[in-house]
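**Student:** structure, please.
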Amino acid sequence: MANSFLLAFVLIIGFALAAIIHSYKINQYIESTKFFKEKIEKLRYCDEKLSVLTLEKTILLHENDNSIDKLISTIHKHIDDLKNKKIDSFTMLYLDEFLELLIQKEKYAKLAIQAAKNINNTTVGIQALQFNIRESVDLNIEEEKKLLFLSNSTLLAILTNKDFKNTDQIPLISQYINVFEAMKFENNQLNEYKEIAKFLYNDYITNQTIYIDSLHNAFEIQSQYIISLLEEHFDNNAKNGLSNLNTVSILFVVIFIITIISILFLLDKTNKDNKRLNIITKTLEFNSKYDKLTGLLNRNSFNELVKIKDYNTFVLFNIDNFKDLNDFYGFDVGDSVLYKVANRLKLYVAEFFPQDSQVFRLGGDDFGVLIKSRTKNSTYNSLVYNFLTQISETTFGIKGFKIRITISASISNKGPLLQTADAAMKILKKKKNNKYIVYSSDLNVFEKSNKNFKFTHKLIHALEENGIKPYFQPIVDANSGKIVKYEALVRLIEPDGTVLTPNLFLDISKQIREYKFITQTMFLKSFNIFLDRDEDLSINISYEDIIDKDTETFIENQFIIFPELGPRVTFEILETDSVDDYNKVYIFIDKFKAYGCKFAIDDFGSGYSNFEQVLKMKADFLKIDGSLIKDLEKDPNARIVVETIVSFAKKTGLQTIAEFVSNEEIDKILDEIGVDYKQGFYYGKPIALGKTKKKRNNDKI
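**Tutor:** The predicted structure follows:
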């Protein structure tokens, strides 16, 4: 019995030692695989960066910039790190071949860069020489005049050749050189300038040829192909190694099961349950800290780490239009993009950011980097900009698709870090033309949120308590000077009687989806007032109103109930509104013209005024934008534009309305130009009106 237990003990100890050795081998395999993968990815990245630097330096022509040498040095270091590991002969051959190709690529890159600098210097010399020729030429001598003309033509051909790869001008320059060869002058200085010109032109052609050939040779080198072969070779070896480890693992499992069954038959169910519980606990613990898709730390980990005061800078990254990418390609492709971006970000942070920086996937298409270092923000600005640029220049190959993406970033060192960075990101997305933004208190993001909240509350209260009311501004007939119609303008009346203009609440109403109720209120109250008045009514309508079926039905019902209002109502359509489908606008106009309604194009002359669309809309009025009218007496160009609009309107049977008429001088100019109607503070400010027209001695205000 004792011998059996001793044998069992020996078997257990032997199995444990074998398992430890096998576990060590597995760890070695994982670390080695990770090391090789990272190094191969870094070699690919450095090779791509060499191509980018080559193009960048041939364009920017930086002096004394040794970034290519530093990059080549980095590549040598990565290759030496690989060679210091145990690698097979094929891997060694691939590395040597890659290094040889990279040396050739470096040589051609430097030749192209030097040629670009020479071209630039030669161009400067040609410009200086042209000045000397112009100063020395006697225009009364035909041959000298010809020299000046040819040299001017050559200089123009060179200066207009912005792309050094464009060789279209070389035959023309060569032709000029041949002509110069035959020219002789009595003025010795001109002969000297002619020879210098021939030398500079030949030098320009020579360097352009070197530039084109070098750049072509540099980008023809198949270094990326060698990297792909190296990666494929490594993957095959890794698969074989993994297969062997799996076989041994299976063998260990079999032995372990047999040993457990043979020796520990009496292991009770409680111990098994405890083991299962431990596994589940560790799995849950892992899932609570890491993102399953990318392997990065998740939002929970961020919330824990951000409490540590040492983290004083945070960078938030967001993939632009990621929802559209998901909708177009599908979620599998979207997940692949997230995975690749996460890996790129992780490598980039590991290489360029402080060592203790942490990378997160915060959810959806948001990534973040927490930084402890107190380096100046400008350093991170540059690092972030470089990463965004690299991503925008990268094509991701996924499931046969070649996908390009762009990323936006916000940087903050003001707590709470995530909230301030997210607020800055929202401002950046509205700008649309910037890559990154740095949070500062000057952005007033939280003040804007508080202001929006305040006016949201005011708007909801006004809708509930009948606080949305129309104010009316008179529109005067230019010939008679009498008020013939009023424009309805929305106002929000607070409980204390304060009147708020639409610029304070109309955009907010759209964001909280209350806008259409404002439109319907304006129509209902305006129609109710003008049923008992003599004047016509002008009322604004936006593209959002036109495409909203509820609003369209509501307005149509008013004309069905009060058909007499149709011929007295003019819809004012904002000319600068973003219109996605003009056919919907045409259909709306045709429908309500059947009720006798008229249509005016509001703010005409602002933005990109489209005369063709005006004709297609079958409009009745053009309402000339106030930005043109208010400067009419002091801006001749504004007058020309207004005269052009009025002339166009008269020729096409349209009538014109000028808004923002603020003084007598503008009023007289408009009479000279010949507008049909006028509106502005000179004739009256927007006011509340009653149902009955007031008696006036003179209708002109």
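
**Student:** show me where the stretch 401-550 of the chain dips below the pLDDT cut-off.
**Tutor:** Across the stretch 401-550 of the chain, the ranges flagged by pLDDT under 70 are 432-433, 441-453.

**Student:** can you map out the strands along it?
**Tutor:** In the stretch 401-550 of the chain, the strands defined using DSSP state E, counting those that start in this stretch lie at 401-404, 407-412, 436-438, 468-477, 483-493, 499-500, 536-541.

**Student:** possible to save the ones you listed as JSON lines with distance to residue 311 and mean neighbour count?
**Tutor:** Heads up, the C-betas are built off the backbone N, CA and C, glycines and all. Output for the strands of the stretch 401-550 of the chain, formatted as JSON lines (distance: least, Cβ to Cβ, whole Å; neighbours: other Cβ atoms under 10 Å):
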{"stretch": "strand 401-404", "distance to residue 311": "32", "mean neighbour count": "12"}
{"stretch": "strand 407-412", "distance to residue 311": "11", "mean neighbour count": "24"}
{"stretch": "strand 436-438", "distance to residue 311": "17", "mean neighbour count": "21"}
{"stretch": "strand 468-477", "distance to residue 311": "48", "mean neighbour count": "21"}
{"stretch": "strand 483-493", "distance to residue 311": "45", "mean neighbour count": "21"}
{"stretch": "strand 499-500", "distance to residue 311": "43", "mean neighbour count": "14"}
{"stretch": "strand 536-541", "distance to residue 311": "51", "mean neighbour count": "22"}
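
**Student:** would you turn those strands into CSV with distance to residue 69?
**Tutor:** Formatted as CSV, those follow (distance: least, Cβ to Cβ, whole Å):
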stretch, distance to residue 69
strand 401-404, 30
strand 407-412, 29
strand 436-438, 29
strand 468-477, 69
strand 483-493, 66
strand 499-500, 64
strand 536-541, 65
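
**Student:** which stretch among the ones you listed comes nearest residue 347?
**Tutor:** Shortest distance between residue 347 and these, using Cβ to Cβ, is found for strand 407-412: 14.8 Å.

**Student:** from the contact counts, what lies against that closest one?
**Tutor:** In terms of contacts (3 or more Cβ pairs under 8 Å, 6 or more residues apart in numbering; DSSP states H and E), strand 407-412 is packed against strand 313-319, helix 377-392, helix 417-431, strand 436-438.

**Student:** for those, which one ends up most surrounded?
**Tutor:** Neighbour counts (mean count of other Cβ atoms under 10 Å) averaged over each of the helices and strands packed on strand 407-412 peak at strand 313-319, with a mean of 24.

**Student:** what's the local residue count around residue 79?
**Tutor:** Using other Cβ atoms under 10 Å, residue 79 is surrounded by 17 other residues.

**Student:** same question for the one 5 residues further on.
**Tutor:** Counted with other Cβ under 10 Å, residues neighbouring residue 84 total 8.

**Student:** helix/strand/coil for residue 684?
**Tutor:** Following DSSP: H, G, I helix; E, B strand; the rest coil, the label given to residue 684 is coil.

**Student:** wait, residue 518 touches residue 509, no?
**Tutor:** Yes: Residue 518 lies in contact with residue 509 (Cβ atoms under 8 Å); the separation is 5.5 Å.

**Student:** do you know which of the strands of the stretch 401-550 of the chain lies nearest residue 566?
**Tutor:** Using Cβ to Cβ, the nearest of the strands of the stretch 401-550 of the chain to residue 566 is strand 536-541, at 10.8 Å.

**Student:** okay, now the sheet partners of that closest one, with direction.
**Tutor:** Here strand 536-541 is paired, per DSSP bridges, with strand 483-493 (parallel), strand 569-574 (parallel).

**Student:** so that strand versus strand 468-477, what angle?
**Tutor:** With axes from the mean of the first three to the mean of the last three Cα atoms, to 10 degrees defining the directions, strand 536-541 sits at 130 degrees from strand 468-477.
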